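Enquirer: attaching a predicted model along with its sequence, questions to come.
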Amino acid sequence: MQLSQLALRWTVLGPLPQSGGHLDSCYRPTTSTPSRSSRPAGQSPKIRCQASATTSSSSSSFTIKSSSPSLPSAAELEAREELALRSSDAAIYGIPRSEWLALDKPARYLGNEFGSVHKPWNDAQIRFALTYPEIYEVGASNLGHIILYGLLNQEPGVLCDRAYYPGADMSAMLKRHDKKLFGVESRRPLDQFDVLGFSLSYELGGTNILDMLQMSGIPLSWEERKAAEPKGKPFDPLNGSSPLVFAGGPTATSNPEPFAAFFDFFALGDGEELLVEIGQSLKRSRTAGVDRETTLLNLTQEVEGVYVPQFYDAPAGWGGAVFPIKEGVSPRIRRRVCAPDPFQQIGLTPYVDTIHNRLTVEIRRGCTRGCRFCQPGMLTRPARDVEPDKVVEAVEWGMRTTGYNEFSLLSLSCSDYLSLPAVGIEIKNRLQKENVSLSLPSQRVDRFDENIANVVTNSGKRSGLTFAPEAGTQRLRDIINKGLTNEELLRGVKTAWDRGWRQVKLYFMIGLPGETDADVMGIAETIEWLQRECRDGKWHLAVNVTISNFSPKPHTPFQWHSVSTAEFRRKQIMLKEACSKLWQVKANFTPVRISAMEDFVSRGDRRVAAVIRRAWELGATNDAWWQSTDTAHSAWSDAIEDVNMTWKYRQVDTGEWDVLEKTGDERYRGQGGGGKGRLDRGVLADERLDAPLPWDHIDTGITKFWLKTDLQRALEAATVPDCSHSGLCSECGVCGDEFGENVVFEPPPVPDFKGHYRPNATRAQRLRFRFAKGQDMVFVGHLDMMTTWDRAARRAALPISADESPFNVRQRIYAPLPLSLGATATEDILEIFLTEKRDPEVVRAQLQAQLPPGLDLVAVEEAEVKKIDGSNGEKVSTLLESLEWYVGVVPVAENITAIEEGEEQGEESKQSSSFKSSARAAAACASSTPGATVNIEALKTAVEAVLAADSLHVTRPSKKRKGKINSADIRSGLMELEVYEVQNPVGTGTTHSTTRTSVASALPLPEGAAVIRFRTGCAFGNAVVTPAVLVDLISQRSGQKLAIAHLHRSNVRLNPASIPQPDWMKLRSLARMEGHLSVQRENGTGPWSGGLENRIDVS
């Protein structure tokens, strides 16, 4: 006997018939087992224990009429089969399927999201892998990651895959099976790609990058990769070369030197055009057949914005500055600038819930406010607005393309996009009839007005408001050039209060240049003042305040400033005490040690690379999540000591780092002295400002002279206006032919606001779908699956009825029979309510077109919305008659627990966790006891014992009373029970037979497994039998520990809808009144003849 590759492939089971919708109508076994309702009371069902017989081409054939308008073509069937083989076999990427199911959110690693691109591997000349050094939930929602992925895959001859930092369980699984980290779409090891592109957006993310390189089997440094390169051969990772490893992102553009040892090159600035040009250069080098070094030289000479560290050196005595050592390379590398295109930002729609689980559209790139602490504002100039009409069209198209129900407008300062009120109101008006909400990132409080309040209010719900005053006093806000007065701050917060917001979030920083204790206490005083002004009787404004430690960044006027961890701690203690006295104020503080680690790396030179590598060796990873600050700081401290450096190594090298620190002249005292430092006016002329810096070779467009001049203005507390709005140029040096000019569109008139979304709760039609689930979709959990249905319905533009929740309006889409993670189904049920009547088959076709492979709507029927007596139609749970399950089981060693102790085993809702625990046990069994086989004879005996029993008592924790254990007899709920032996593993052949034996054989199970088929009645209350409970019972009676390796639901039977019984009393009364009316019409007299028409409702 040989098994098919997939339990749920069309070629195995075929689509369900339209009539009846039961799998039994597709095939009938030669011997049927009578249902419990058709046999005499007390008689046990006939047992049929058998081994699967070998199937051949002579197996019985069958013909089925599909409810689909047309059957899939041969090419579609072939593509489905290929995808099925790739994803739903007993092994994925050479790892048993059961181990994948034991992972936390395995859908992270499947690469099957809506909008993902699968290009043929062998057709590509150059293969990119965008490798994001954070977990999937962070990377998959990163806008730059989505843009570059889409653009590269649009290029002919270029393939772009993705990889993310794996979770701890995934890392352990890869290590256990000696597998390398892989691209999620091609499932190829990362060392087979030509180029790996890392996003370097945070100083402490370098350790995760090293972790990913190590898990990919790629040498960590460019020197090691160069040394391992085959001599005299063209660059080709499929023939012994290591991939070219590069980094981009704000941290890489700001100061790449701390990471220079690890990367072959850096991509500086905006990447939309830059990465495409890199791909074209690599294709030319591949065609020419040149080696690794020549490929890199071609890159730096042909593509502006590419920095190759090995072609530069950092000689001693030059402050970490680097100079070219290769002829033909530029002494300064200019970052790239590109105008944003919102239509390029619409792509991947993940199945799992991501950090930013919404559509994001960029409305403005760059910021010219000139906040002196802000690195992004300095690195992204000039400011470039997106045309307002283009934003509106992109959002409208993106919402209908992705199916999201929330979108965000993105910019460094959204409020500086002058068209925001008009654009926001226009989008809200166009999407008024859809339940779509808008959120904005942190915005300037001085621009918050009535129009923006309407934009961020969604169906009566108000999204959170975040304002960033940054400093607690006007003097300090002027020093940092925040451009915000106390009056503007109060006006913005008061507007929010008057429009119904009762809570806001505020951002402040401590440790800024020139800060005194009065400025620190000014933060608490500002919060108290705002609460005093925003008060209504006993209610006043609640404030969540985040207080960060200032970390100086390269390419900013404060890049010469020094910070003190001791001062940070002292000021945090002051603020904690002050905020604790305020009512309804929640204060959050950034860990001081994290700030110290960030500063150590951000302004470092090439020597820091040794510290990063040593910290990684000591276990420093995922430092960006601050999960264990003490552990991370300890690793970094030990690493600094191991490479013979100190935390303030640059201060030691240069004699003094901060020109604002005390140097004998108190004009230059910025902080210190117990918080009594001050900034006096005076000319800042210090030769140390002209000393070389490690990032001087990066041309951001802003001149070093301008940074020094702006630092002088900070000493004088002089502000600089926003050049993009005021028209006054501060001569920073950006605007020109190389970087372009500011682009600011005249804001259009603000349209009249048509009002917020009002839910349409009309239930005009109820459609019940029967669908099949398989392939990669088995790795998507139930809650994520409900989100998938919701987004598919939105993409299909179906008029779904909304519920009437006053808090969170949802579409009326119900999947009442949730499946466990990893379970397949030939038959499952989905119900939707429509606000208007549609042809069911047309709706089915529209919805099917928006579903991923593995979800197939095989039948649809109309169900009752209301009965004749006005009552609601029954729920599926009420109509449910029985469920048929196929349960694949494997033996488990005695020391492996199949179901975790204390876990509920009697509830359908708890089945997923039970199955996951069992999957872990099955995975452990497969790895620890290879070749183990279920004792089929003992299993047969156990099945006979179960069926022969008059009662089957199981215990369950009480749902109502914690700690109480209930007992239930489930014997009445067990209608049918069979067992099959599986002799061969998945993938050894194909079978198209339609007997129950072949269905059991088609399950993706390892050799030596067995299949238990049972049907449970669902109208017996506590007697419903779940797979976990049944396997536990059979394990006890067979004397062998069993674990569930696979679940498959093949049949769902529903009882007919009930017909309301007539109200005979009402009918008699109506008949009697009709008689009286008849007498009156004929004779004009009779009982109730006077005013009878006014007494009854003739309708």
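Expert: Received, thanks. Numbers count the residues shown, from 1 in each chain.

Enquirer: which residue sits closest to the residue nearest in space to the middle of the chain, ignoring its sequence neighbours?
Expert: What sits nearest the mean C-alpha location of the chain, by Cα atoms, centre = their mean, is Thr354, with 2.1 Å. Closest residue in space to Thr354, ignoring its immediate chain neighbours: Ser141 at 3.9 Å, by Cβ to Cβ, 6 or more residues apart in numbering. Where you see a C-beta, it was placed from the backbone N, CA and C, and this is true even at glycine.

Enquirer: could you do Asn357 as well?
Expert: Asn357 sits nearest to Ser141 (Cβ to Cβ, 6+ apart), 6.8 Å away.

Enquirer: for Asp270, see how far away the one you found is.
Expert: In this view, Ser141 and Asp270 are 19 Å apart by Cβ to Cβ, to the nearest Å.

Enquirer: C-alpha coordinates for the longest helix that the chain contains, PDB please?
Expert: Longest helix of the chain, by residue count under DSSP state H: helix 1064-1083. Taking Å, rounded to 0.1, in the frame of the first residue of the first chain, the C-alpha atoms of helix 1064-1083 are listed here in PDB:
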ATOM      1  CA  TRP A1064     -53.000  27.400  18.000                       C
ATOM      2  CA  MET A1065     -54.400  29.900  20.400                       C
ATOM      3  CA  LYS A1066     -53.500  32.800  18.200                       C
ATOM      4  CA  LEU A1067     -54.800  30.900  15.100                       C
ATOM      5  CA  ARG A1068     -58.200  30.300  16.900                       C
ATOM      6  CA  SER A1069     -58.400  33.900  17.800                       C
ATOM      7  CA  LEU A1070     -57.700  35.000  14.300                       C
ATOM      8  CA  ALA A1071     -60.200  32.600  12.900                       C
ATOM      9  CA  ARG A1072     -62.900  33.800  15.300                       C
ATOM     10  CA  MET A1073     -62.200  37.500  14.500                       C
ATOM     11  CA  GLU A1074     -62.300  36.700  10.800                       C
ATOM     12  CA  GLY A1075     -65.700  35.100  11.300                       C
ATOM     13  CA  HIS A1076     -67.000  38.200  13.000                       C
ATOM     14  CA  LEU A1077     -65.700  40.400  10.200                       C
ATOM     15  CA  SER A1078     -67.400  38.200   7.700                       C
ATOM     16  CA  VAL A1079     -70.800  38.400   9.500                       C
ATOM     17  CA  GLN A1080     -70.400  42.200   9.700                       C
ATOM     18  CA  ARG A1081     -69.600  42.500   6.000                       C
ATOM     19  CA  GLU A1082     -72.700  40.500   5.100                       C
ATOM     20  CA  ASN A1083     -75.300  41.800   7.600                       C
END
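
Enquirer: only the buried residues of it, if you could.
Expert: Met1073, Leu1077, Gln1080 (16 or more other Cβ atoms under 10 Å).

Enquirer: lowest-confidence member of those, which is it?
Expert: Sorting the buried residues of helix 1064-1083 by confidence puts Gln1080 at the bottom, with a pLDDT of 77.

Enquirer: chain center to the helix or strand hosting Leu575, what's the gap?
Expert: Element membership for Leu575 (DSSP states H and E) is helix 565-580. Here helix 565-580 is found 36 Å from its chain centre; the criterion is Cα atoms, centre = their mean, to the nearest Å.

Enquirer: what is that helix packed up against?
Expert: With contacts taken as 3 or more Cβ pairs under 8 Å, 6 or more residues apart in numbering; DSSP states H and E, helix 565-580 sits against strand 503-510, helix 517-533, strand 542-549, strand 585-589, helix 592-602.

Enquirer: residues making contact with the last one?
Expert: What that stands for is helix 592-602. 203-204, 206, 251, 254-255, 258, 548-549, 551-554, 563, 565, 568-569, 572, 608, 611-612, 623, 626, 629-630, 632-633, 636, 640, 647 (Cβ atoms under 8 Å, 6 or more residues apart in numbering).

Enquirer: so which of those sit within strands?
Expert: Taking DSSP state E as the definition of strands, the contacts of helix 592-602 contribute Ser548, Asn549.

Enquirer: rewinding a little: pretty sure the residue nearest to Asn357 is in a helix, no?
Expert: No. Under DSSP: H, G, I helix; E, B strand; the rest coil, Ser141 sits outside any helix and is assigned coil.

Enquirer: and it, what does it touch?
Expert: Residues in contact with Ser141 (Cβ under 8 Å, 6+ apart) are Pro350, Thr354, Ile355, His356, Asn357, Thr360.

Enquirer: if we go to 7 Å?
Expert: Counting by Cβ atoms under 7 Å, 6 or more residues apart in numbering, Ser141 makes contact with Thr354, Ile355, His356, Asn357.

Enquirer: all set now, cheers.
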